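Colleague: A predicted structure for the sequence below; I have some questions about it.
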Amino acid sequence: MDLELSGEQLVLLDSVRQFLAAECPMALVRRVVEEGKEADELWAAMVALDWPAMAWPEADGGLGLGQVELCVVADELGRALAPVPFLASATQFAAAVTEAGTAEQRRRFVTPALSGQVGTLAVSEAGGRFAVADTETTAGPAPGGGWRLNGVKHDVLEAAKAEEIVVSARLPGTAGTDGIGLFVVPASDLEVRAAHSIDATRQLATVVLADVEVEAGRALGVAGEMAPALERVVQRATAALCAETVGTSQAIFDIVLAYVKEREQFGVKIGSFQAIKHKLANMYVALEAARATTYFAAAAIDEDDERRRLAVEMAKSATCDCQKLMATEGIQCLGGIGYTWEHDMHLYVKRQKAQAALFGTGAEHRRELAVHLGLP
C-alpha cells in the first residue's frame, strides 16, 4: 500500500490550495460566522470544478476518483475553514448512494447532486451514537408498498441546506446489525431543527421523522440488508472528517509557528525558548501521526483492504488526540492574543471541537480499536 501521494494527487492538492487561497479568504469565513451570510458563490464555484462529482462512478457522470482524492480536498477545506457542504454532499450522501444504491438509484440521485444539489446523511442517534447496531429509527411497511419512518436523528451536517437526506433505520422486530435499511428522504418531508454548534462556519441539525412515508424506490438496495453498506459509508465519512481535522490542525500549527518566530520576549524570539520548542515538537509529532493514519485509512478504503475498519478507528483516535493538543498548546503559545475574537485562532479551535464530536469521539473509537485488537 503506497502512502505517498501520486503526482496527479499532488497536482490536485496544489490546485485546491490555490483556489481556496483566492476564493475563500478569512474575511469570507468571518462574514459567515459574524453576519450569518451564506457562501453560495464559493459552493457554486466548487460545483463548476466538479468537486462534488469527484468520487461518483464515471458511469454515472462522475470523475471516478477515490477516497484519497476526497481526503486531499477535505484536508485543504479544513485548512481554509471553508464554509461549504462538501463533507455532507460528497463524502456522506454520495458515499451512501454509491455504496448502497442500485444502478437506477444512482442515476436518479446522481444528476442533481452533480449539479450542486446538497444532500446529507442522518445516522447518529441520541447521545451521538453512530454505530450501525445503535440504530433506533424504525422503518415499517406503508400502504402502497412504501415505507413509514419514525425516529430522531442528531448531529446531521448541513441538513438545513439539503434537499435529499439518506436516513438509516431498522425494520420491526430486528436488533443489532440485522434489519438495517437506508432511505433517501426529501428534506421537505422532514422536520429539521437547527442545533447549537460551537462551530458557526457550518450547520448541524436534529432531524425528526414522524410517520414520514417514502416510496419503495427510495429504499437503497434491499431494505433490511444494508448493515455492511452502512458500515462502509460511515467509514468513508469518518475518514474524510479525519482529513478535514488534519487540515485544520495544520493551519493551527502554521499560525503558531509563524507567531513564535516573530514574538519577542526578554529581547529574543520566543521560538528560541526550549519550552516552546518542546510544545512545537509535540504538536508536529501529533500532526504527522494524524496525517499518516488518516491517509492510511483512505488508502485502505480505496483498496477495500480488510483492515479498513481498524484503520478508520486508528485515524479518528489519532486526529482527536491531535486536535486536543493543537487547541490547548496553540492558544497557550499565542498567549493573551489567542483568546481574542479578533484573532482567527478561536475559529480553528471551534471547528476542531465540532469535528471531534462527529461520527464518534476519539475515546469511543479507541475503545472499539481495543476490542478489535483483542484487548480486555
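Modeller: Sure, I can see it.

Colleague: how about residue 95, nearest residue that isn't a chain neighbour?
Modeller: Nearest residue to residue 95 in three dimensions, chain neighbours excluded: residue 236, at 4.2 Å (CB to CB, 6 or more residues apart in numbering). From N, CA and C alone the C-beta is placed, and that goes for glycine too.

Colleague: mind checking what secondary structure that neighbour has?
Modeller: Recorded secondary structure, residue 236: helix (DSSP: H, G, I helix; E, B strand; the rest coil).

Colleague: got it, and residue 200?
Modeller: Secondary structure of residue 200, reduced to three states by three-state DSSP: coil.

Colleague: excluding chain neighbours, what is closest to it?
Modeller: Nearest non-adjacent residue to residue 200, counting by CB to CB, 6+ apart: residue 33, 4.4 Å away.

Colleague: can you pull the contacts of the spatially most central residue of the chain?
Modeller: Centroid-nearest residue in the chain: residue 241, 3.2 Å away (criterion: CA atoms, centre = their mean). Residues counted as contacts of residue 241 (CB atoms under 8 Å, 6 or more residues apart in numbering) are 74, 87, 91, 316, 355, 358, 359.

Colleague: show me which positions of whichever strand or helix holds it end up buried.
Modeller: Secondary structure assignment for residue 241, by DSSP states H and E: helix 227-262. Buried residues in helix 227-262, counted by 16 or more other CB atoms under 10 Å: 227, 229-253, 255-256, 259-260.

Colleague: tell me how far that helix is from the chain's mean position?
Modeller: Taking CA atoms, centre = their mean, to the nearest Å, the mean C-alpha location of helix 227-262 is offset from the chain mean by 9 Å.

Colleague: rounded mean pLDDT for it, please.
Modeller: Mean pLDDT, computed over helix 227-262, is 96.

Colleague: where do the helices sit along the stretch 151-300 of the chain?
Modeller: Ranges of helices within the stretch 151-300 of the chain are 227-262, 274-302, based on DSSP state H, counting those that start in this stretch.

Colleague: and residue 162, which of these is closest to it?
Modeller: Closest to residue 162 of those, according to CB to CB: helix 227-262, at 14.4 Å.

Colleague: please verify my assumption that residue 29 contacts residue 347.
Modeller: Yes: counting by CB atoms under 8 Å, residue 347 is a contact partner of residue 29 at 6.5 Å.

Colleague: residue 324 and residue 313, how far apart?
Modeller: Distance, residue 324 to residue 313, by CB to CB, to the nearest Å: 17 Å.

Colleague: neighbour count: these two, which is higher?
Modeller: Using other CB atoms under 10 Å, the more surrounded residue of residue 324 and residue 313 is residue 313, with 26 against 15.

Colleague: confirm that that one sits in a helix.
Modeller: Yes: judged by three-state DSSP, residue 313 forms part of a helix.

Colleague: find residues that contact each of residue 29 and residue 347.
Modeller: With CB under 8 Å, 6+ apart, residue 29 and residue 347 have common neighbours 81, 201.

Colleague: wasn't residue 336 part of a helix?
Modeller: Yes: secondary structure of residue 336 (three-state DSSP): part of a helix.

Colleague: how many neighbours does it have?
Modeller: Using other CB under 10 Å, residue 336 has 8 neighbouring residues.

Colleague: same thing with residue 360?
Modeller: By other CB under 10 Å, neighbour count at residue 360 equals 25.

Colleague: residues near the closest residue to it other than its chain neighbours, how many?
Modeller: Leaving aside its chain neighbours, residue 360 sits nearest to residue 130 (5.2 Å; criterion: CB to CB, 6+ apart). Residues near residue 130, counting by other CB under 10 Å, number 22.

Colleague: thought residue 130 was touching residue 235?
Modeller: No: applying CB under 8 Å as the test, residue 130 and residue 235 come out as separate, 10.9 Å apart.

Colleague: flag the shaky bits of the stretch 51-200 of the chain, pLDDT-wise.
Modeller: By pLDDT under 70, the stretch 51-200 of the chain contains no weakly predicted segment.

Colleague: do a quick rundown of the strands in it.
Modeller: In the stretch 51-200 of the chain, the strands defined using DSSP state E, counting those that start in this stretch lie at 119-122, 138-141, 147-157, 164-170, 180-186, 191-195.

Colleague: would you mind measuring from the residue nearest to residue 126 when sequence neighbours are not counted to residue 163?
Modeller: Of all residues beyond its chain neighbours, the one nearest residue 126 is residue 154 (6.1 Å), with distances taken as CB to CB, 6+ apart. Remark: distance between residue 154 and residue 163 (CB to CB) = 20 Å.

Colleague: and residue 223, by the same measure?
Modeller: Distance of residue 223 to residue 163, given as CB to CB: 22 Å.

Colleague: the more surrounded of these two?
Modeller: The neighbour comparison of residue 223 against residue 163 (other CB under 10 Å) goes to residue 223, with 20 against 14.

Colleague: related to what we said a few turns ago, tell me the contacts of the residue nearest to residue 200?
Modeller: Residue 33 neighbours (CB under 8 Å, 6+ apart): 200, 201, 347.
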